[in-house]
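Trainee: Need a 3D model of the sequence below.
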Amino acid sequence: MKSLWSDTEARNYRTPLDKRVYTSRLLGANPELVLHGGGNTSVKAAEIDFFGDPVEVIHVKGSGWDLATIEAAGFAPVRMEALLKMSKLDRLSDAEMVKQQRAAMLDPGAPNPSIEAILHAIIPQTYVDHTHANAIVAITNHKEGRKVVEDLYGDRVAIIPYVMPGFDLAKALAKVDARTLEGLILMNHGIFTMHDDARESYELMIRLVTEAEKLLASRLGKSFALPKAKAKDDLLALAAIRRGVSKLRGVPVIASLDASPEAAGFSSRADVAKLATRGPLTPDHTIRTKRVPAVIGADSGKSLAKFADDYRAYFEANAKGETLLPPDPRWAVWPGHGVISFGATETEAAVIRDIATHTWRTIQLTESAFAGGWKPLPAAKLFEIEYWELEQAKLKKGGSAPTHQGKVAIVTGSAAGIGFACAESLAKQGAKVVGIDLSPEIVPQMESLGGIGVVANLTDDAKVKEAVENVVRQFGGIDILVSNAGIFTAGAYLDDLEQSNWDKSMAVNLTSHQKLLKYTIPYLKQGLDPAIVLVGSRNVNAPGAGAASYSCAKAGLTQLCRVAALELAPFGVRCNIIHPDAVFDTKLWTPENLKRSAERYGMTVEEYKTRNLLKTEIKSRDVGNMVAAMASPLFGKTTGAQVPVDGGNDRVI
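Mentor: Sure, this is the predicted structure:
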């Protein structure tokens, strides 16, 4: 492990707190040290309080901040005197500790101090760094862990047997004289380094972790490599797994499949079921990943049911009044296929994937390097952390989830106009949206929504199939399909209608939708509250002369919707169609076009835009919001319906 310290960059950080920010970011930049909010750091300094009096303060990482991106505002300034007094108490509940730490803050607007604030305070050195370095965990999580640490570091470090974080750990550390130590090794937990100089404290971390890495390398030998394999591909089974996990959690989840050669190699190990389910790298990880992953067998339903039963048994064996969390796995080993991570959002799934990846890589190193192999903490100790009131509170913050959170949506023809409005509305309501369009603009447009844009011709079978399969491969399934792509063909009376005009309209406005349904339906059947919304036209019920190719294609699309509703109802898949009219805020309608059309009717532009019964203007976002509603539980009892969004049309009514 290399130091990331730069003298040039360090000159920009002058105060003790500034230096603390700099070296904290250096630690956070290395995922081998900390992941997603893990670890904590502090610096002690003399400050001036509100009344102008000098006060000794410790700036300790605040709850909710990530070391990789932390700023000065992310450190909670706590009075040292109060923390040192707390350290001398015989008992202190978690709730009271949090309350008193907050009461001792110099700035009440700062974030809650780390639960390790008391521990940081009793270490005498100015700078204190704490990480969950993979290499340290690897050399401690086996039956000879303590001896290995003693042989490696000697009296340069103190070894602390595992103790519950917070006040208990602080009390255990109070017995250690840390003034001459380079670090503290917390068995099954991580490492602390400390020094009066910011750079030296940081580089002590790098040096001690590097020694552990070198020990591992020497134990494994130069020829050692993690197993690799080619992953099997079964997207329908992946969608079924995601559906099963979502049912256990009670909300839709994103399923992120890691089918890399290393992940497939791990999942293909003969002993993977036993190895993967011994326990996590550190107790902290149980907050996000639970104690163990699921192992998926040939029947994913039975495998997930077994996981849920085992989780309930684990809870009942260790609970002391706590409330059972949903019995769903946060990650799963899928033998021969790879590793799957689950999250209510794409971000949560990505965080769990990172933690899971570091877990399965590190446990394999320990398993190969030390006699007896990987040995984490017992289940009872891990339960204490998973159900720890203080940690659970972090995950319960926030209001109710958006309507479509965790759902995966495909919206075609979404580079602009109605299609983009549909994608935007779904994205705002929490869906992960994949837009498909012939225009290259689809890529930046979807990126602006936090989605993914795919350039593809929807009349091309191979491209449509590829796009659909990539969505499932990346997110685990499909729940919402908005089939909107279409074109306006030139108007012509039947006796003058070019055959190419008719053929093109049928290909794009009808057949492309049929192709899309063909390739998405198998996954929608495994979807979560699955819904299809097709975008038709007012022309279906009120056609105009000279619009045969467009009107007939949209009429065929409406019939396709009705047939799909009949066929898919037994699988719980709803299919409805929306008929918008007079939506003028799209690229198709330039100011010149609008003016010409209005003059043709003897109207002003504003009169023309509101020439419906309600005298209201129909905008793309109105259509988009209706589509999002039709894909939601609000329309959960409706299928085969035709819904106009036209302000009321007397010809239709």
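Trainee: Go ahead and produce PDB holding the CA coordinates of stretch 172-181.
Mentor: Presented in PDB, the C-alpha positions along stretch 172-181 are these (Å, rounded to 0.1, in the frame of the first residue of the first chain):
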ATOM      1  CA  ALA A 172     -11.300  -1.200  27.300                       C
ATOM      2  CA  LEU A 173      -8.900   1.200  25.700                       C
ATOM      3  CA  ALA A 174      -8.700   3.300  28.800                       C
ATOM      4  CA  LYS A 175      -6.600   0.500  30.300                       C
ATOM      5  CA  VAL A 176      -3.900   0.900  27.600                       C
ATOM      6  CA  ASP A 177      -1.100   3.400  27.700                       C
ATOM      7  CA  ALA A 178      -1.000   4.500  24.100                       C
ATOM      8  CA  ARG A 179       1.600   7.300  24.500                       C
ATOM      9  CA  THR A 180       4.400   5.300  22.900                       C
ATOM     10  CA  LEU A 181       2.400   3.100  20.600                       C
END
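Trainee: to the chain's geometric centre, what's the distance from it?
Mentor: 39 Å (Cα atoms, centre = their mean, to the nearest Å).
Trainee: Could you do stretch 297-304 as well?
Mentor: Mean-position distance between stretch 297-304 and its chain equals 24 Å (Cα atoms, centre = their mean).
Trainee: mind listing what's buried in that stretch?
Mentor: Under the neighbour-count criterion of 16 or more other Cβ atoms under 10 Å, stretch 297-304 has S300, S303, L304 buried. Any C-beta I mention is one placed from the backbone N, CA and C, and that applies to glycine too.
Trainee: Equivalent analysis for stretch 211-230, please.
Mentor: Within stretch 211-230, judged by 16+ other Cβ under 10 Å, the buried ones are E211, A212, E213, L215, L216, R219, A229.
Trainee: same question, stretch 268-282
Mentor: S268, R269, V272, L275, A276, R278, G279, P280, L281, T282.
Trainee: how about the helices in the stretch 201-350 of the chain?
Mentor: Taking DSSP state H, counting those that start in this stretch, the helices of the stretch 201-350 of the chain run over residues 235-249, 261-267, 272-276, 286-289, 300-318, 346-369.
Trainee: Which one of those has the poorest average confidence?
Mentor: When those are compared by mean pLDDT, helix 286-289 comes last with a mean of 92.
Trainee: Contacts only, for G109.
Mentor: By Cβ atoms under 8 Å, 6 or more residues apart in numbering, the contact list for G109 is empty.
Trainee: distance of it from A73?
Mentor: 9 Å (Cβ to Cβ, to the nearest Å).
Trainee: Give me the pLDDT for S63.
Mentor: The predicted local confidence for S63 is 87.
Trainee: For N40, see how far away it is.
Mentor: 9 Å.
Trainee: quick one: which of the two has more around it?
Mentor: Set S63 next to N40 and count neighbours by other Cβ atoms under 10 Å: N40 wins out with 29 against 20.
Trainee: So what sits opposite that one in the bridge?
Mentor: For N40, the beta-bridge partners are H130 (DSSP bridges).
Trainee: can you pull the contacts of it?
Mentor: Counting by Cβ under 8 Å, 6+ apart, the residues that N40 touches are V60, K61, L67, S114, E116, H120, H130.
Trainee: ditto for A507
Mentor: Counted by Cβ under 8 Å, 6+ apart, A507 has contacts T459.
Trainee: Kindly recompute the last result at 10 Å.
Mentor: Contacts for A507 were tallied using Cβ atoms under 10 Å, 6 or more residues apart in numbering; they are L458, T459, I487, K515, A553.
Trainee: Just to be sure, the second one is in a helix?
Mentor: Looking back up the chat, that one is T459. No - counting by DSSP: H, G, I helix; E, B strand; the rest coil, T459 is located in no helix; its state is coil.
Trainee: any idea which of the buried residues of stretch 297-304 is closest to V464?
Mentor: Using Cβ to Cβ, S300 is the member of the buried residues of stretch 297-304 that sits closest to V464, with 26.8 Å.
Trainee: What separation do you get for the residue lying closest to that closest one once chain neighbours are set aside and Y22?
Mentor: Excluding its sequence neighbours, the residue lying closest to S300 (Cβ to Cβ, 6 or more residues apart in numbering) is I241, at 4.7 Å. Distance of I241 to Y22, computed by Cβ to Cβ: 43 Å.
Trainee: higher neighbour count, these two?
Mentor: I241 (28 against 20).
Trainee: what sits against that one?
Mentor: Applying Cβ under 10 Å, 6+ apart, the residues contacting I241 are 234, 255, 257, 294, 296, 300-301, 303-304, 329, 332, 334, 337, 340, 342, 476-477, 526.
Trainee: Narrow those to those that are buried.
Mentor: Using 16+ other Cβ under 10 Å as the burial test, the contacts of I241 include 255, 257, 294, 296, 300, 303-304, 329, 332, 334, 337, 340, 342, 476-477, 526 as buried.
Trainee: picking up where we left off before, quick check: neighbours shared by S63 and N40?
Mentor: Counting by Cβ under 10 Å, 6+ apart, the residues touching both S63 and N40 are P113, S114, I115.
Trainee: Confidence-wise, which helix or strand of the protein is lowest on average?
Mentor: Ranked by mean pLDDT, DSSP states H and E, the helix or strand of the chain with the weakest confidence is helix 389-395, at a mean of 64.
Trainee: Now do the host helix or strand of E592: distance to the chain's middle.
Mentor: According to DSSP states H and E, E592 maps onto helix 591-600. Centroid separation for helix 591-600 versus its chain: 47 Å, with Cα atoms, centre = their mean.
Trainee: helices and strands around the next helix or strand after that helix, which ones?
Mentor: Heading C-terminal from helix 591-600, the first helix or strand you meet, by DSSP H and E, is helix 605-609. Counting contacts by 3 or more Cβ pairs under 10 Å, 6 or more residues apart in numbering; DSSP states H and E, helix 605-609 is packed against helix 591-600.
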